[in-house]
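A.B. asks: Kindly return the folded structure for what I paste below:
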Amino acid sequence: MRGTATLYRIKPGFQAALRPAVARCARAGVRPNHLTLAAIAVSATAGAVVAAGSSRPGLLLLAPMLYSLRMALNAMDGLLAREHHMTSRSGAVLNEIGDVMSDAVAYLPFAGLLPGHGWLVVVVVVLGLIGEVAALVNGDESGRRNDGPLGKSDRAVAFGVVALLLACGRRAAVGPVLAFVAVLGLITIWNRATETRA
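C.D. replies: Okay, here's the model as predicted:
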């Protein structure tokens, strides 16, 4: 992988830990699209938890766990498709659409919890979308670019931190965190959109 570091660098180890579960899914007849749809459902659940956090902040502690589950399902659907010969064009399209949908439903509800910084939440989500488009249209032999510093997993970690800050009553720290994440999103777009590096 080129460019600045992201959590994508630890993906091989993460995938290795998930392979036994992926093998069980294959034996049970689970298809990659099933896992992609499950990831979207988990993301929607995370969004509902965040929305409910306006009246019950303790619920926000669940968000990082749901984001981790989404990341695991995202990794598993790719492994299942590639290593168990279940790749398909429609599956690849659903995977990309699912990532964008999952970001939107999981993270945009934070805007409702942050009247003064809701626009920053929207900016970070939109920058993430642009970064994913840039990853595809300026892809390399693998089909996409994963330059950092703000990949899909990194965004999940960032919003997990935001959820924890809000749950712990550290609302004042959220604005600077989101602003920093937005800057990382801009850098990521630049890295992915510029000329392919060797």
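A.B. asks: all contacts plus neighbour counts: C-alpha atoms, from now on.
C.D. replies: Will do.
A.B. asks: nearest residue to Ala39 other than its sequence neighbours?
C.D. replies: Counting by Cα to Cα, 6 or more residues apart in numbering, Arg70 is the residue found nearest to Ala39 once chain neighbours are left out, at 4.9 Å.
A.B. asks: Show the secondary-structure elements that the helix or strand that neighbour falls within is packed against.
C.D. replies: Counting by DSSP states H and E, the element that carries Arg70 is helix 63-83. Judged by 3 or more Cα pairs under 8 Å, 6 or more residues apart in numbering; DSSP states H and E, helix 63-83 is in contact with helix 11-27, helix 32-52, helix 152-167.
A.B. asks: list the helices and strands the second one packs on?
C.D. replies: When contacts are defined as 3+ Cα pairs under 8 Å, 6+ apart, helix 32-52 sits against helix 63-83, helix 89-107, helix 110-113.
A.B. asks: between the first one and helix 89-107, how many degrees?
C.D. replies: When you say that, I think you mean helix 63-83. For helix 63-83 against helix 89-107, the angle by axes from the mean of the first three to the mean of the last three Cα atoms, to 10 degrees is 170 degrees.
A.B. asks: In helix 63-83, which residues are buried?
C.D. replies: Neighbour counts using 16 or more other Cα atoms under 10 Å place 63-64, 66-81 of helix 63-83 among the buried residues.
A.B. asks: low-confidence ranges in the chain?
C.D. replies: Residues of the chain that meet the criterion pLDDT under 70 lie in 1-9, 11, 139-143, 195-198.
A.B. asks: picking that back up, same list (the helices and strands packed on helix 32-52) but as JSON lines, adding distance to Val124.
C.D. replies: Shown next, in JSON lines, are the helices and strands packed on helix 32-52 (distance: least, Cα to Cα, whole Å):
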{"stretch": "helix 63-83", "distance to Val124": "16"}
{"stretch": "helix 89-107", "distance to Val124": "9"}
{"stretch": "helix 110-113", "distance to Val124": "11"}
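A.B. asks: For His34, which of these is the nearest?
C.D. replies: Ranking the helices and strands packed on helix 32-52 by proximity to His34 (Cα to Cα) places helix 63-83 first, at 8.1 Å.
A.B. asks: which residues are in contact with the helix holding Arg70?
C.D. replies: Applying Cα atoms under 8 Å, 6 or more residues apart in numbering, the contact partners of helix 63-83 are 15, 18-19, 22-23, 25-26, 31-33, 35-36, 38-40, 42-43, 45-46, 49-50, 86-87, 153, 156-157, 159-161, 163-164.
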